[in-house]
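> need a 3D model of the sequence below.
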Amino acid sequence: MANFFNSSVGKKIIMSLSGLFLILFLLVHLSINFLTVVDPSGKLFNQASEFMETNPFIFVMQFVLAAGFLFHIFYGTWLTLQNRKTRPVPYAVSTQSNVSWSSQNMWITGAVILGFLVLHLYNYFYKLKFTDLIESGQMTEFELVTGLFHVNNWIYTLLYVSWFIILGLHLNHALQSAFQTIGLNNQQWLNRLKWLSSIYAIFITIGFSTISLYFFIRSILN
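A predicted model of the protein is given here:
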């Protein structure tokens, strides 16, 4: 078992499984956040947020999720550094049409995502868990989530939409690579996974961007 985890295949499988875990989380996260658009009054989202905060399983899973994020980020960084030590001279840039930009720059897009994740955690998780904004009645969780995307904070809308695009580029290769690593790598499945990965990446990018732009445009009209 130790030899497996130290092998090239073992490392790829570990990275892929942790990535699939986060890919699933993004779908759940988008589904809940999209309630803000489905019901602009905020009632549905506030109810969903209250359920997640009071459900013991969700309470435990938030720490599992945090550990999954940290593991995926730092393990991916460690593998990248190890690969560079093994091959100090980088590969020649491929001109093959079937090699995507996202597949060649996973570490770069991942590093950018990490930077914006820190900002995102400050804007939401920190204010939700370590301030009394909600308890004091200054705002609801719905207002906390949507209030950032206001015409007076246009820079945040621009940053978040840019972040979602970069996240989409990262995901475009991540899903395909993860399934290939766990065995779905014959030619028939390869073509299907390319399409599935692209559709998933576009869905996540458009979904989260729609939320940001919807409330930004709404603030202009109001």
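> and the residue positioned nearest the centre of the chain, how far from Leu196?
By C-alpha atoms, centre = their mean, the chain has its centre lying nearest to Leu26, at 5.6 Å. For Leu26, the distance to Leu196 (C-beta to C-beta, to the nearest Å) stands at 15 Å. C-betas here are computed from N, CA, C, even on glycine.
> picking that back up, Ile165 versus the residue nearest to the centre of the chain, what's the distance?
14 Å.
> then Leu158?
According to C-beta to C-beta, Leu158 and Ile165 sit 11 Å apart.
> so which of the two has more stuff around it?
Ile165 (16 against 12; other C-beta atoms under 10 Å).
> tell me which residues touch the more buried one, please.
If a contact means C-beta atoms under 8 Å, 6 or more residues apart in numbering, then Ile165 has Thr205, Ser209 as its contacts.
> on the three-state scheme, it is what?
Look at Ile165: counting by DSSP: H, G, I helix; E, B strand; the rest coil, its state is helix.
> can you check Ile220 too?
Ile220 ends up helix, using three-state DSSP.
> how many other residues sit next to it?
Neighbours of Ile220 (other C-beta under 10 Å): 10.
> touching, it and Phe149? I think so.
No - counting by C-beta atoms under 8 Å, Ile220 stays clear of Phe149, with 10.7 Å between them.
> any weak-confidence spans in this structure?
Within the chain, the ranges that satisfy pLDDT under 70 run 1-12, 16, 83-84, 86-100, 102-103, 178-189.
> could you redo the last one with a cut-off of 80?
1-21, 58-59, 61-107, 173-194 (pLDDT under 80).
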